[in-house]
Structures are given as structure tokens and as C-alpha cells.
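**Q** Fold the following and give me the result.
(2 chains)
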Amino acid sequence: MSHTPHRLEVQNISIGYGNKVVLHDLSFQIPHGARVAVVGPNGAGKSTLFKALVGLLPVQGGQILIHGASLGAHKDCVAYVPQREEVDWRFPVTVNDVVMMGRFMQMGWLKRASAHDKDAVQKSLQQMGIADLATQSIGQLSGGQQQRAFLARAIAQEPHILLMDEPFTGVDITTQEATLRLLDHLQEKQVTAVVSTHDLNLAGTRFDLVLLLNHRLIAFGTPQEVFTKENLAQAFGNSLLVMENGMMLVDECCPPEEKFTIDD
Amino acid sequence: MSFLLEPLTYEFMQRGLLASVIVGVLCAVMGTYVVLRGMAFLGDAMAHAILPGVAIAYILKGDLLIGAGVAAVAVALTIGLFTKDGAVKEDTAIGILFAAALSLGVALISTMQTYAVDLSHILFGNVLGVSVSDLWLIGGLSFAILLTVAVLYKPFLVISFDPVLAATLRLPAELLRNLMLVLLALTVVVSLQTVGVSLAAAMLVTPAATAYLLTRRLLPMMFVSAAIGALSSVIGLYLSYYFNVVSGSAIVLTATFFFLLAFGWKRLQKAS
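**A** Numbers count the residues shown, from 1 in each chain, chains lettered A, B, ... in the order given. From the prediction side, this is the model:
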């Protein structure tokens, strides 16, 4: 694997808000087409890492390289789906319009959508199972459908790296399943997927690599390498329960919503 | 028919009508962003803030549009200065400048001898006083503003709808936002002569708000808004001619009537 160019390389970055540093001295390399789960306790800096990777937060020292070039050299090869979209839900756009925005960089700011653009949008909508909602206003959709619309936009962008922040949290089963199918599809297309999740079992079964964070990098490697007692204790302290059947549960006081585990 | 054609036998009416329609369309299109981005207060403030510039230009017998333009840019920059690093909240800064500029403008105008007439022209517009050169200026500026809006349709859509996407696509969001403010200021300046400073804000908000009730996508919203703006201008001007009321008021009241119609229709639709 060492001879392939690294898609995403992070060298000694620290990230924070103002003087408060949330992530210290992070370094890792994500190879071509890997599916990476980012796990860690609440407030460990998972969302912060994602924001830095798309350039929403400046890094304090260190550098982020994509295909060996620094962040910003590529305009749209990174797509990002935040935990909760901070969009204006009352804005007059349809689902189709939203997904088409993913094509803007490739179609150019002045050109009209080509047949290829429309095709890419249609395929993305179908992939996420929302083709029948294409002409609906984005604000009329349910939360899960909205998330699928934004995932569809991310695919329509045809990115090399797709970042998803907690796509399995607080959404309906249909959306969870569509997202899991999307992960497999991305792997076939050799798209690198970096996904944060609270679900350690999902991270252990559906991902090639796991990045364990708690304000710093605790471990990075295959699920077997990362999910050791020592690593998990370092990341989660006493809040982790390992059941006899190997099922791992994180005891977070008052979780925001019930979580499901999908064993397929 | 003669009812419609009679006013047009006067050249000043022809020019007035043309100017009103151009401004109606321009305000309506810029207004979609004002409504969607919640800039109604800013538009109102901008309209009043140009008053001192207009008054000074009037006293010096200079071009009113240039005076207005200078004042608008000065106010926009001052708002930026006050709100830099969060020293003062933006709506507070706008409120302070809005009141100060309006007072300064009225103070300057009150020194004029023909005070009442001049003030009413500046505040409510004097569409029948549009000269040929005014018309060229209004047309040229409007064309430039609308062309910019058309060229930057996609970036403006992205920064208005989804700032996070704008950042990931590396759009110069700050620059685009400032450009939008400049376009807004210029729009207010252009509408000075037809509807006047106090009613320009209404023309920015009312047709666009009406279109928002009737459409579900941005581009149709812009076209419907433009149509309502143009129609309100034409109907308003005829009303002004036949009932001898101030043109700006007649235009804005017509636009408000359309808004009420759309609002009522929407209500009925929901009820059924």
C-alpha cells in the first residue's frame, strides 16, 4: 500500500477555536479509497477535525495535504456533509436544486447544466432513494430525507474524499441503510470516505480503518488493531461497556436520542 | 384606450413610465436577496442613509445620483467599521447610522428655501421630473446591476442558502457579501428619483415578499417579483396621474395590494 499516493495526509496539525485548542498534534495518512470511521467520546474533536479538513477552521500549525498538495489547491474534490446542515430551510430551492449545487464547480459558474450534470444529479437522487422527491421544496422533507438530499449533493460533486459527520445519528432506519449502501458504493468507486460515528460496532464491522480520537490521536489502524482494551480505556475511560458477546456500548449520560445497532 | 394612451402624449410621462418600470424590475430582483437574506432593515437604513448625500448634492447643484452613491458607500463602510471584531452588533450599528443620516439629511434640507417641495421630492420621488440624461443613468446602472446578479447567480445562491458549502467550494464569501451590499446601495440610489428614499425600501421588500408566497424556486421567484414590480410601477403611475397623488406612494400602495392578494390566496389555499 505504501507505493500508492496518499489521498489525505495530515501532518502535525493542531486545531481549535481562538485560544482553545481542541485537537493537539494530529498526524495520520489515509490511503486511496479507504473507509475510515472516526470515533471518540462526545467533545473529543471529531466535528472539529472535519471542519479543518474542509477549510472551515484554520489549522494552528502543521499541514493538510490532499493528493500531496495543500488544502485549497483542489476546489471541489472534498465533499462534506455536516452533522446538521446550517442552511436556510425556508429558502426557495427544490431537492433537485440542492443536489445540482454539487455540480456548480464542475459545470462552471456561468454555464447551464449539461446532460452529464443532470445525469449525475439524477443518479445521486436515485442512489439515496429520493428521486421521487426531486421537485419538493427542501424545507418540506423529513430530517432523514433532508440528510439524504445533502448526501446526494455530496455524491453529485463526484468527490475524491467524502466527509460525513455523524450520518447515523438521529435519522430513520431508511436513511441509515441508504448511507451504509452508499459506503459500499463509494468503495467500489475508490472514493475515500471519512465518517464519524458513535456506534463502535458499526465502526468495527463496516469500515476498513478506525481513527480513535480524544483531543489527540489515540490510535489509527484496522478495527482489530484499534479496538483494544487499553486504547478504548484511554479514549472513553469508564464510560465504555464491553458485553460478553463483544458488543461495545458507550455509556454517555443522557444521550440525545436512542441509537440503533444494525447487524447486517 | 384613450384612458391608457392619454398620459403618454406627454414626454415626461413616457420617461417617467420607463424609469418606473426599470426601477420596479431592478428593486424587485435585488429584493429577492433582501427578503431571503433578511436584509429588509438594512435596505431601509441604506435608503435613508443616502439622504444627506442627496441634500448636499442638491445644495451644491450637483448630480443627485452621485451624491446618493457617495453617501451609500460611506454608510456601508461605516457599518463595516462599527461592527468589525463585534464591537457593536450589526443591527445596532445600522440603527444608529440610519437615524443619524436621516437627521443630518433633514437638517440640511431644512436650510433650503424651497424646503417642503424639495423634501417631498427626495423622500417620495419625483418621477415626472426624470430627464433624458437621468433616464440613461438609471437604465445604464440598472443594466449593470442586473447583469452582475445574472452572472453571479450561482455564487449568490450558494452563499445565501448554504454558507458551509460556499466555504468548502472555496467561494470568496466575504467579497461576495460586500458586493451584494454595494449592489443593494446602488439599487437604492437608482430608485431615488422614482419612488424616493423613504419608499425605496418598500419596493425592495414588497414585490419580492409577494413572489416568495407564490413560487418555490429562486429563479421563478425573481421573475415573478420583477413582473409584480413592473406592473405595480405602471398601475401606480396611472393612478398617480388620474388621482393626482404622489407617484411613489401610488406605486408602493399598488405593490402592497398585490402582496395582500397573494397573502389572501395563500391563506385560502391552505384552508382548503
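
**Q** Over to the most centrally placed residue in chain A. Which of the three states is it?
**A** Note on chain A: the residue nearest the mean C-alpha position is A:Met164, at 1.7 Å, using CA atoms, centre = their mean. Using DSSP: H, G, I helix; E, B strand; the rest coil, the structure places A:Met164 in strand.

**Q** Leaving out chain neighbours, which residue sits closest to B:Gly229?
**A** B:Ala28 (3.0 Å; CB to CB, 6 or more residues apart in numbering or on different chains). For glycine as for every other residue, the C-beta is placed from the backbone atoms N, C-alpha and C.

**Q** I'd like the distance between the one you found and B:Leu213.
**A** In this view, B:Ala28 and B:Leu213 are 14 Å apart by CB to CB, to the nearest Å.

**Q** More neighbours: those two, which one.
**A** Neighbour count, other CB atoms under 10 Å in any protein chain shown: between B:Ala28 and B:Leu213, B:Ala28 has more, with 31 against 17.

**Q** Just the element for that one, please.
**A** helix B:11-36 (DSSP states H and E).

**Q** Now A:Thr175. Nearest residue, chain neighbours left out?
**A** A:Thr175 sits nearest to A:Gly144 (CB to CB, 6+ apart), 3.7 Å away.

**Q** Just list what the strand or helix carrying that neighbour packs against, helices and strands only.
**A** In this assignment (DSSP H and E), A:Gly144 forms part of helix A:143-156. In terms of contacts (3 or more CB pairs under 8 Å, 6 or more residues apart in numbering or on different chains; DSSP states H and E), helix A:143-156 is packed against strand A:78-81, helix A:95-101, helix A:115-127, strand A:161-165, helix A:173-188.

**Q** Who are the contact partners of the residue nearest to B:Gly229?
**A** Taking CB atoms under 8 Å, 6 or more residues apart in numbering or on different chains as the criterion, B:Ala28 is in contact with B:Met203, B:Pro207, B:Ala208, B:Ala211, B:Met222, B:Ser225, B:Ala226, B:Ala227, B:Ile228, B:Gly229, B:Ala230.

**Q** Could you export those residues to CSV, including columns for neighbour count, secondary structure and distance to B:Val34?
**A** Shown next, in CSV, are the contacts of B:Ala28 (neighbours: other CB atoms under 10 Å in any protein chain shown; DSSP: H, G, I helix; E, B strand; the rest coil; distance: CB to CB, whole Å):
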residue, neighbour count, secondary structure, distance to B:Val34
B:Met203, 34, helix, 10
B:Pro207, 32, helix, 10
B:Ala208, 29, helix, 6
B:Ala211, 28, helix, 12
B:Met222, 25, helix, 12
B:Ser225, 28, helix, 10
B:Ala226, 23, helix, 14
B:Ala227, 17, helix, 17
B:Ile228, 27, helix, 14
B:Gly229, 31, helix, 12
B:Ala230, 19, helix, 17
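
**Q** In PDB, list the C-alpha atoms belonging to the helix holding A:Gly144.
**A** Output in PDB follows, covering the C-alpha atoms of helix A:143-156 (Å, rounded to 0.1, in the frame of the first residue of the first chain):
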ATOM      1  CA  GLY A 143     -35.000  15.200   8.700                       C
ATOM      2  CA  GLY A 144     -33.800  11.900   7.300                       C
ATOM      3  CA  GLN A 145     -34.800  12.800   3.800                       C
ATOM      4  CA  GLN A 146     -33.000  16.100   4.100                       C
ATOM      5  CA  GLN A 147     -29.900  14.300   5.100                       C
ATOM      6  CA  ARG A 148     -30.200  12.000   2.100                       C
ATOM      7  CA  ALA A 149     -30.600  15.100  -0.100                       C
ATOM      8  CA  PHE A 150     -27.300  16.500   1.200                       C
ATOM      9  CA  LEU A 151     -25.600  13.100   0.800                       C
ATOM     10  CA  ALA A 152     -26.900  13.100  -2.800                       C
ATOM     11  CA  ARG A 153     -25.400  16.500  -3.300                       C
ATOM     12  CA  ALA A 154     -22.100  15.300  -2.000                       C
ATOM     13  CA  ILE A 155     -22.100  12.300  -4.400                       C
ATOM     14  CA  ALA A 156     -23.100  14.500  -7.300                       C
END
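
**Q** Verify the stated contact: the residue nearest to A:Thr175 with A:Pro167.
**A** No - using CB atoms under 8 Å, A:Gly144 is not in contact with A:Pro167, being 10.2 Å away.

**Q** Now for residue 126, how many residues are close by?
**A** As the question left the chain open, I've gone with chain A. Neighbours of A:Gln126 (other CB under 10 Å): 13.

**Q** My question was about chain B, not that one.
**A** B:Asn126 has 19 neighbouring residues, counting by other CB under 10 Å.

**Q** Nearest residue to it in space, please, no chain neighbours.
**A** B:Gln193 (6.7 Å).

**Q** Quick check: buried residues in the helix or strand containing that neighbour?
**A** Using DSSP H and E, B:Gln193 falls within helix B:173-195. Using 16 or more other CB atoms under 10 Å in any protein chain shown as the test for burial, helix B:173-195 gives B:176, B:180-181, B:183-195.
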